[in-house]
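Asker: Here's my sequence, what's the structure:
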Amino acid sequence: MDRDCFGCLQEVREDELKKIWKGLFYCVWHADKAPVQADLIDRLAGVLENLDLKLSVEFFKAFLSTMRREWGGIDRLRLDKFYLLLRQVLVRVFAVLRKHEWEDSTVEKFMNALLKRALLVKDEFPALGINLHMTDIFLDELRKVQPLSSHTLGLMLEPFYSTIAASSDKSLLKRVRERVFNSLLEDAQGFISRKQESKLDREDETFGAQVLSLPVVTRLFALASAASTPQANRKVLYEICDCFSKLEKLVAVAGVDISSLKAEQAFAVHRYDGNVGDGLRMASGILQDKQKKSKTVGAHEDTEGLSKKKRKVKDLGIGSKNTGVINPAEKTLVEAISVQVNSGNFAGEHVVQIVMNGEQSQVLGKGGNPKKKMKKSKKQRKSAGNAKNLRQGLSHEGT
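Answerer: Here you go, the predicted model:
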């Protein structure tokens, strides 16, 4: 099949799209041997990326409706290839969203389609397996398209907020709780643990930090307190809300600065089509904003307990741990994968850790020395111990 043949289509009625998808469904049905099935499914799912945005959304809706209608007739020998079809279509949906730069309206259209045509659809078809499988694979595939902003991640999770607040299916409620919210809880706990041990990897620095920045407790509490929420769903919502409330206490005890995490994420998702100087100017702006905030709150007081001196942000230079000085002119395309705004006292200056094009670099204040990091105070060591105890209690509660 030539997937480009769909590119010329601008508008197709829904009933016609359903007829198309019924034919495509039985193409997969009759496909034999794993390599042939995988190739066919990849080509069918790839059609989504070649359509006009409006038609792409309608194509996704027709796909979900067709899968629900035909799901009850799939025998166990053919089930795996249709699970693969569901996964590959979801992957291509994320690809379309990335192509359109995760625009809010576009994300909402696709997530509403997933909610209304699958998770909360009211029809007579026995298609619970579709909802369970979509729930199983959603976060697994979403982690692969990092980094995302916390705002975008929140929009992507809206179908599952609505499902756990309104679904009457106990199996689906349990699966959403375990595979979405408990998984998010584990990501956040793992981020806090590894941040304290300074063992963060790239995925931790993006996804784990984003989870901590999400207003999960506020969203869950609002749904649980709504008059229209069924009592059984309200109980589940409050239980999950309680787990995330304990997570917030763990964040406070561990001394993780949520505002800094938001600044880091803003830097991580920004793609620069210029030179390194663009990234440095943005990093300088983040540090200056943090300094202004500390002036109003603490009157030049060091919030990390490391120094009570007034700090100044000087002109920033860039040096690489492995390759020496990086010439900005040589970096015409820089993608800041991650950034850590570190407010520790390094010879009186701020330090920013940046990973660019696979190379870890340090943005230092003039005259700064990253090796002169002061030891943790007694109060900080005690705080870390309390955080560990609270984290252990929270992990028992989540299970």
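Asker: going forward, measure contacts and count neighbours with C-alpha atoms only.
Answerer: Fine.
Asker: Confirm that residue 32 sits in a strand.
Answerer: No: secondary structure of residue 32 (DSSP: H, G, I helix; E, B strand; the rest coil): coil, not part of a strand.
Asker: Determine the number of other residues adjacent to it.
Answerer: 13 (other C-alpha atoms under 10 Å).
Asker: pLDDT at it, what is it?
Answerer: Per-residue confidence (pLDDT) for residue 32: 89.
Asker: I'd like to know how far it sits from residue 78.
Answerer: Computed as C-alpha to C-alpha, to the nearest Å, the residue 32 to residue 78 distance reads 10 Å.
Asker: Check residue 170 too.
Answerer: 26 Å.
Asker: repeat for residue 59
Answerer: From residue 59 to residue 78 the distance is 23 Å (C-alpha to C-alpha).
Asker: Look at these two and report which has more neighbours.
Answerer: Higher neighbour count among residue 59 and residue 78: residue 59, with 21 against 14, using other C-alpha under 10 Å.
Asker: dump the residue contacts of the more buried one.
Answerer: 17, 48 (C-alpha atoms under 8 Å, 6 or more residues apart in numbering).
Asker: host element of it?
Answerer: helix 53-71 (DSSP states H and E).
Asker: For that helix, buried residues please.
Answerer: Buried positions in helix 53-71, judged by neighbour count with 16 or more other C-alpha atoms under 10 Å: 53, 55-69, 71.
Asker: count of neighbours near residue 48?
Answerer: 24.
Asker: can you pull the contacts of it?
Answerer: Shown in contact with residue 48 (C-alpha under 8 Å, 6+ apart): 56, 59-60, 89, 92-93, 96.
Asker: try 7 Å this time
Answerer: Contact analysis of residue 48 by C-alpha atoms under 7 Å, 6 or more residues apart in numbering lists 56, 92.
Asker: for residue 132, same thing?
Answerer: Per C-alpha under 7 Å, 6+ apart, neighbours of residue 132: 172, 175.
Asker: and what of the one 5 residues further on?
Answerer: With contacts defined as C-alpha under 7 Å, 6+ apart, residue 137 has no neighbours.
Asker: Tell me the spacing between it and residue 182.
Answerer: Residue 137 is 14 Å from residue 182, where distance means C-alpha to C-alpha.
Asker: Same question for residue 114.
Answerer: Residue 114 is 21 Å from residue 182, by C-alpha to C-alpha.
Asker: Tell me where the model's unsure across the stretch 151-300 of the chain.
Answerer: Where the stretch 151-300 of the chain drops to pLDDT under 70, the residues are 199-206, 256-300.
Asker: Helices of that one, start to end?
Answerer: In the stretch 151-300 of the chain, the helices defined using DSSP state H, counting those that start in this stretch lie at 158-166, 170-176, 182-196, 202-203, 209-213, 216-225, 231-254, 258-268, 276-298.
Asker: just checking, what packs against the fifth one?
Answerer: Okay, so that is helix 209-213. If you count contacts as 3 or more C-alpha pairs under 7 Å, 6 or more residues apart in numbering; DSSP states H and E, helix 209-213 packs onto helix 182-196, helix 258-268.
Asker: mind listing what's buried in it?
Answerer: By 16+ other C-alpha under 10 Å, the buried positions in helix 209-213 come out as 209-213.
Asker: The longest one now?
Answerer: The neighbour-count check on helix 231-254 (16+ other C-alpha under 10 Å) flags 233-234, 236-248, 250-251, 253-254 as buried.
Asker: Ok, the first one next?
Answerer: Residues 159-161, 163-166 are the ones in helix 158-166 that count as buried (16+ other C-alpha under 10 Å).
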